[in-house]
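Asks: following is a predicted model, sequence given first.
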2 protein chains.
Amino acid sequence: MQPVQRCVIIGGAEIRRYQRIRESLRKDDWLVYCDGGLKHIPEIGREPNLIVGDFDSHEKPETDIETIVLPREKDDTDTVYAVKEAVRRGYREFLLVGVTGERFDHTFGNISLLLYLDSLDIPARILDDYSEMSVVSRVPAEVEDSCSYFSLLNISGTAKGISIRNAKYPLTDGEITSEYQYGISNEVLPGRTAQVYVREGRLLLVKVI
Amino acid sequence: MQPVQRCVIIGGAEIRRYQRIRESLRKDDWLVYCDGGLKHIPEIGREPNLIVGDFDSHEKPETDIETIVLPREKDDTDTVYAVKEAVRRGYREFLLVGVTGERFDHTFGNISLLLYLDSLDIPARILDDYSEMSVVSRVPAEVEDSCSYFSLLNISGTAKGISIRNAKYPLTDGEITSEYQYGISNEVLPGRTAQVYVREGRLLLVKVI
């Protein structure tokens, strides 16, 4: 039987707005702290269900909690390993926090995990201090007017047949290329819910808070 | 006749290591400050040659320096406009600073400018507090062993026939997909210079300082 809980992955990037993370957590979330992410335990206020890391950025804790110690030389980062492990264990919904900021290569590698999970039909979101990110593909996305802005980015090469409704800058059957990202800082019309459709390819939806 | 100087675009993102920026500047660089980027003038220590902005994040300065005032409602961000304007004026080499960090949508939109400039055969780099970024495409790239790490990211969909030489994790005719970014945190072999080749598509090269 598959777990019905959501898996929350906590990475080691800086978090300033802990309140938002705490409010986003569900009581029955299954929490994986990755290496440097362990420093967030006091502010997040929830113990790990699993710890994963090569412990190059945080000391390996003395604990009875299940801990997977990874080698330092490996293809996958701790966060990528943690996501794959949770998928192996049957988790079918993900929230990732503490995975963006500072080094862009790590940030983008972690955002690419949204594409990986999308390819497995697994819904996933990243929450950081500025935004909530998810992938728009086969399933149309909705954006509430509580967002100050929303952006659509081509991060995977193909994004065609894009339609945006109920937004300040609407679009019908448009294309956004990797070279020309004109889908930044759109706004939902007041009192409405914007809809985003992609016919071919995928987009990163960034809801700015 | 085309200008032979390099164009430096200064955006409004946070900069902590100004010393690196100052050391990277050439005496004859042509400097464009974009809106919020104006706050960096004292630490960068160089006056603008051009100011561009809709002035939603910085007051429009009282100055004789050429200033392009953009409307707030537009497809392009101030930074994108500035790059296009400099291309129109004939600049054929770019350095972008203060363009990454905080909001990911702005960060990635600006990194996409490297793809745009590459498509025009214009060499361009982004410098931030953690790394130097550039696009690898038709021309092989070299990575000095002074870098602590280097990463290769697929940000545009296609990156095939990748070869990496003189690195801890070498690769021959490999592929990196948008979904599985295993090219993070490679290392140059001590005393050597790594080489990166891409036969089909493009990669973002991130040299971590």
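Replies: Happy to help now that I have it. A quick note: this is a predicted structure, and the numbers were derived from the prediction, not measured.
Asks: in chain A, what residue lies closest to chain B?
Replies: In chain A, the residue that lies nearest chain B is residue A:157 (1.5 Å; Cβ to the nearest Cβ). Heads up, the C-betas are built off the backbone N, CA and C, glycines and all.
Asks: domain boundaries for chain A, per the record?
Replies: Listed by automatic domain parsing, the domain ranges of chain A are A:7-129, A:136-208.
Asks: can you pull out the strands in chain A?
Replies: Taking DSSP state E to define them, one finds strands in chain A at A:7-10, A:30-34, A:50-53, A:67-69, A:94-97, A:124-127, A:131-136, A:141-144, A:149-153, A:159-165, A:171-174, A:193-201, A:203-208.
Asks: how close does residue A:204 get to residue A:162?
Replies: 12 Å (Cβ to Cβ, to the nearest Å).
Asks: quickly list what's touching both of these two.
Replies: residue A:152 (Cβ atoms under 8 Å, 6 or more residues apart in numbering or on different chains).
Asks: let's have the domains of chain A in JSON lines, adding mean neighbour count and mean pLDDT.
Replies: Listed next are those as JSON lines, based on neighbours: other Cβ atoms under 10 Å in any protein chain shown; pLDDT from 0 to 100:
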{"stretch": "domain A:7-129", "mean neighbour count": "19", "mean pLDDT": "96"}
{"stretch": "domain A:136-208", "mean neighbour count": "18", "mean pLDDT": "96"}
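Asks: nearest to residue B:110, out of the ones you listed?
Replies: Relative to residue B:110, the nearest member of the domains of chain A by Cβ to Cβ is domain A:136-208, separated by 8.8 Å.
Asks: okay if I get the domains of chain A as a markdown table plus distance to residue B:50?
Replies: Below are the domains of chain A laid out as a markdown table (distance: least, Cβ to Cβ, whole Å):
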| stretch | distance to residue B:50 |
| --- | --- |
| domain A:7-129 | 27 |
| domain A:136-208 | 22 |
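Asks: what are the bridge partners for the residue nearest the centre of chain A, then?
Replies: Closest residue to the average C-alpha location of chain A: residue A:126 at 2.2 Å, with Cα atoms, centre = their mean. Beta-bridge pairing for residue A:126 (DSSP bridges): residue A:96, residue A:133.
Asks: correct me, but it touches residue A:101?
Replies: No - counting by Cβ atoms under 8 Å, residue A:126 does not reach residue A:101; the two are 10.9 Å apart.
Asks: got the contact list for residue A:134?
Replies: Applying Cβ under 8 Å, 6+ apart, we find residue A:134 in contact with A:114, A:123-126, A:141, A:204-205.
Asks: also residue A:129?
Replies: Going by Cβ under 8 Å, 6+ apart, residue A:129 touches A:15-17, A:20, A:101, B:102.
Asks: how far out from the middle of the chain is the top helix by length along chain A?
Replies: The longest helix of chain A (DSSP state H) is helix A:104-119. Centroid separation for helix A:104-119 versus its chain: 8 Å, with Cα atoms, centre = their mean, to the nearest Å.
Asks: circling back: what is the nearest of the contacts of residue A:129 to residue B:186?
Replies: Using Cβ to Cβ, residue A:101 comes nearest to residue B:186 of the contacts of residue A:129, at 21.3 Å.
Asks: if residue A:68 is in a bridge, with which residues?
Replies: For residue A:68, the beta-bridge partners are residue A:52 (DSSP bridges).
Asks: my guess is it contacts residue A:86. True?
Replies: No - contact criterion Cβ under 8 Å: residue A:68 and residue A:86 do not qualify, at 11.1 Å.
Asks: quickly list what's touching both of the two.
Replies: Jointly contacting residue A:68 and residue A:86 under the rule Cβ under 8 Å, 6+ apart are residue A:50.
Asks: separation between the residue lying closest to residue A:18 once chain neighbours are set aside and residue B:74?
Replies: Nearest non-adjacent residue to residue A:18, counting by Cβ to Cβ, 6 or more residues apart in numbering or on different chains: residue A:43, 4.2 Å away. Using Cβ to Cβ, residue A:43 is found at 39 Å from residue B:74.
Asks: residue A:101 now?
Replies: Remark: distance between residue A:101 and residue B:74 (Cβ to Cβ) = 28 Å.
Asks: residue A:165 now?
Replies: As judged by Cβ to Cβ, residue A:165 and residue B:74 stand 21 Å apart.
Asks: please apply the same query to residue A:112.
Replies: 30 Å.
Asks: do residue A:171 as well
Replies: Distance from residue A:171 to residue B:74, counting by Cβ to Cβ: 15 Å.
Asks: residue A:20 too?
Replies: On the measure of Cβ to Cβ, residue A:20 and residue B:74 end up 30 Å apart.
Asks: same thing with residue A:55?
Replies: Distance of residue A:55 to residue B:74, given as Cβ to Cβ: 48 Å.
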